[in-house]
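[1] let's see this in three dimensions:
(one chain, ligands or ions: 2)
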Amino acid sequence: MRHFDLVIIGSGSGNSIIDDRFADWDVAMIDKGVGPNDAYGGTCLNVGCIPTKMFVHTADVAGAPAGGAKLGVDLELRDVRWRDIRDRIFGRIDEISAGGRRYRAEDNPNVTLYEGLARFTGVKQLTVDTAAGPETISADRIVVAAGGHPAIPDIPGLDQVGYYTSDSVMRLDELPGRMIIMGTGFVGAEFAHVFSALGVEVTMIGRSGRVLRAEDVDVSTRFTELAAQRWDLRLNRKVIAVEREDGLARLHLEGPEGAEVLEAEAVLVAVGRVPNSDLLDATAGGLELTADGKIKTDATQLTSVAGVWALGDVSSEHELKHVANHEMRVVQHNLLHPDEPIESDHRFVPHAVFSAPQIAAVGLTEQEAQESGIDYVTSTQDYAGIAYGWAMEDTTGFAKLLADPETGRLLGAHIIGPQAPTLLQPLIQAMQFGLDARTMARGQYWIHPGMPELIENALLNLPLR
Ligand SMILES: Cc1cc2nc3c(=O)[nH]c(=O)nc-3n(C[C@H](O)[C@H](O)[C@H](O)COP(=O)(O)OP(=O)(O)OC[C@H]3O[C@@H](n4cnc5c(N)ncnc54)[C@H](O)[C@@H]3O)c2cc1C
Ligand SMILES: NC(=O)c1ccc[n+]([C@@H]2O[C@H](COP(=O)([O-])OP(=O)(O)OC[C@H]3O[C@@H](n4cnc5c(N)ncnc54)[C@H](O)[C@@H]3O)[C@@H](O)[C@H]2O)c1
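    Ligands and ions are numbered 1, 2, ... in the order given. The predicted structure is shown next:
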């Protein structure tokens, strides 16, 4: 049995751990691959953030005619060359993935790449199913960066009809005429925008009464109103059964108005993700799990076993790439400096939903502030009330802030509208570095008439004491 200084499971965020400072370490990288081609480099690169945003930008361009008429510019979308779009995007991504794999496999003399599924077969011991057969290895230190995979709900017939997930839907050969999207979270909202802008008739099914219901209620309510104008939105529905007939998927739903049947050429399942701790048999390695199956860690990312760390989607409550990257840097430091461990900082974790409109948020929602009983004030500024919003004729976007009325410290920030993630960034910075709303609003110039005036005005509107 070969013994290593360090074993890393997962070539997503885990891949970035190994830099020049590990040149003297004997390292094993284990990866089973993701997506239909078992690609190297993890979810974000191959089937997550990066290709989705390349499709989202393309969809934004395809959606331009819809926004042109109100400005007096009549545009026309003449054609969507789906295969060209798909091949442009994956032509770039597949090369980056192959290059990353080649670099680890061929250019790193201290790194051994094992390609296959790894399972714990003891404490700090793993068996990898490689093409040449099972191989068992052990290590002084192990980093579990194994991510997760799409959840598939237990609905009669679903397994037989053939459905897509975020892993497969971006590589379709043809755009379907109609697509049913199950799920109203991040993945559902982003792909509904992509496919509808490219000409697919989208029906979105949700269990609750709102789309993106984890957002601040004002943001989620506004997004739901706008989504209902663009997509066939079926909320408060339960999918009872699925069947396929004459090439069509047929979904039987139960909702407020009784039974319904929906038909479409394609079904996209987007109901969340499950951590890969089960594939890994994490408990056989002595690793404790949380109630939702994530690997338990402390703030230094150490698991219940000394010498074994976990990071990213397999252990974090935030399934976001910037969080996985942050935790990766914490683990990297703690491997190199075991006597001076540092902790992850999850105080101000932002997120963005790249749909139409865009959403970005950080900190408390108003509902969370109410539930926690803290004293807060809010302000809302519409894009329609700032000069750049007039230029865009925006009538639906806004920024909503929550702050401590005494100190002016920001507690939460929520934006729905054009460039929401970009506009949120200075607010994340303010929260992280303790800048109060008054100082932020009045202590600097704001470029006129730029979109950040939305933030300047939202800050000035706060009814601080
Ligand atoms: C469609 C989609 C869009 C997204 N968009 C965004 C976005 O815009 N912004 C954002 O911040 N986040 C986004 N995310 C989330 C983001 O992709 C993840 O949070 C991030 O990629 C997690 O990184 P990770 O390193 O934890 O895991 P991963 O990148 O998933 O890496 C895990 C690796 O471990 C390997 N592996 C797993 N189990 C085993 C095993 N037993 N043996 C061997 N190898 C194994 C896998 O093959 C994989 O390569 C998106 C996710 C999806 C699905
Ligand atoms: N822009 C981004 O940062 C981005 C984009 C995509 C994904 N992600 C990450 O990936 C994760 C997964 O995305 P997601 O959209 O799959 O999950 P999600 O948790 O955002 O949303 C899942 C949705 O499915 C619903 N649902 C759950 N079980 C269901 C069932 N049985 N039937 C019908 N609906 C059901 C939930 O109520 C929820 O609305 C996200 O939580 C996010 O962290 C991030």
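
[2] hey, let's count contacts and neighbours off CA atoms from now on
    Noted.

[3] report the contact partners of Ser355.
    Val56, Ala189, Glu190, Phe191, Ala192, His193, Val194 (CA atoms under 8 Å, 6 or more residues apart in numbering).

[4] does the first one lie in a helix or a strand, and which?
    Secondary-structure assignment from DSSP states H and E places Val56 in helix 49-62.

[5] contact residues of the stretch 301-450 of the chain facing ligand 1?
    With CA under 6 Å from any ligand atom as the criterion, the stretch 301-450 of the chain meets ligand 1 at residues Gly312, Asp313, Val314, Glu319, Leu320, Lys321, His322, Ala324.

[6] how far away is the fourth one from ligand 2?
    Put plainly, it is Glu319. Distance of Glu319 to ligand 2, given as CA to the nearest ligand atom, to the nearest Å: 4 Å.

[7] follow-up on the earlier one: when you scan the helix holding Val56, is anything in it near ligand 1?
    Yes - counting by CA under 6 Å from any ligand atom, ligand 1 has neighbours in helix 49-62: Cys49, Thr52.

[8] going forward, count from 332.
    In the new count, where the first residue is 332, that last one comes out as helix 380-393.

[9] what about that helix, distance to the chain center?
    Averaging C-alpha positions (CA atoms, centre = their mean, to the nearest Å) puts helix 380-393 14 Å from its chain's average.

[10] same check, this time on stretch 637-646
    For stretch 637-646, the distance to the chain centre is 19 Å (CA atoms, centre = their mean).

[11] can you give me the buried ones in that stretch?
    Gly638, Val639, Trp640, Ala641, Leu642, Gly643, Asp644, Val645, Ser646 (16 or more other CA atoms under 10 Å).

[12] endpoints of it, how far apart?
    16 Å (CA to CA, to the nearest Å).

[13] how about that stretch, does it reach ligand 2?
    No - for stretch 637-646, no contact with ligand 2 is found by CA under 6 Å from any ligand atom; the gap never falls below 8.4 Å.

[14] what mean pLDDT does that stretch have?
    When pLDDT is averaged over stretch 637-646, the result is 98.

[15] and for that stretch, what's in contact with it?
    344, 455, 471-479, 606-608, 625-628, 632-634, 649-652, 654-656, 658-659, 662.

[16] let's go with 6 Å and repeat that
    Applying CA atoms under 6 Å, 6 or more residues apart in numbering, the contact partners of stretch 637-646 are 472-479, 606, 625-626, 632-634, 650, 655, 658.

[17] Ala601 versus Gly537, what's the distance?
    10 Å.

[18] what residues do those two have in common as contacts?
    In contact with both Gly537 and Ala601: Gly514, using CA under 6 Å, 6+ apart.

[19] if we can go back for a sec, what subset of the contacts of stretch 637-646 is buried?
    472-479, 606, 625-626, 632-634, 650, 655, 658.

[20] out of these, which sit inside strands?
    Under the assignment DSSP state E, the buried ones among the contacts of stretch 637-646 contribute Arg472, Ile473, Val474, Val475, Gly479, Pro606 to strands.

[21] what's near enough to touch the fourth one?
    For Val475, the contacting residues are Ile340, Ala641, taking CA under 6 Å, 6+ apart as the criterion.

[22] can you do 10 Å?
    Each residue near Val475 by CA atoms under 10 Å, 6 or more residues apart in numbering is listed here: 338-341, 345, 361, 607-608, 611, 613, 626, 634, 639-643, 645-646.

[23] please name the bridge partners of Ile339.
    Met360, Val474 (DSSP bridges).

[24] hang on, it packs against Asp362?
    Yes - under the criterion of CA atoms under 10 Å, Ile339 makes contact with Asp362 at 8.6 Å.

[25] okay, and the common contacts of the two?
    Gly345, Asn346, Leu444, Ala476, Ala477.

[26] tell me, how many residues neighbour the second one?
    Residue crowding around Asn346 was assessed by other CA atoms under 10 Å; the count is 22.

[27] can you tell me the SS state at it?
    At Asn346 the chain is in helix, as set by DSSP: H, G, I helix; E, B strand; the rest coil.

[28] give the contact list for it.
    Counting by CA under 10 Å, 6+ apart, Asn346 has contacts 339-340, 360-362, 371-373, 431-432, 435, 476, 659.

[29] now the buried members of those.
    Among these, those classed as buried by 16+ other CA under 10 Å are Ile339, Ile340, Met360, Ile361, Asp362, Tyr371, Gly372, Gly373, Arg432, Arg435, Ala476, Met659.

[30] I'd like the distance between the last one and Ile673.
    For Met659, the distance to Ile673 (CA to CA) stands at 12 Å.
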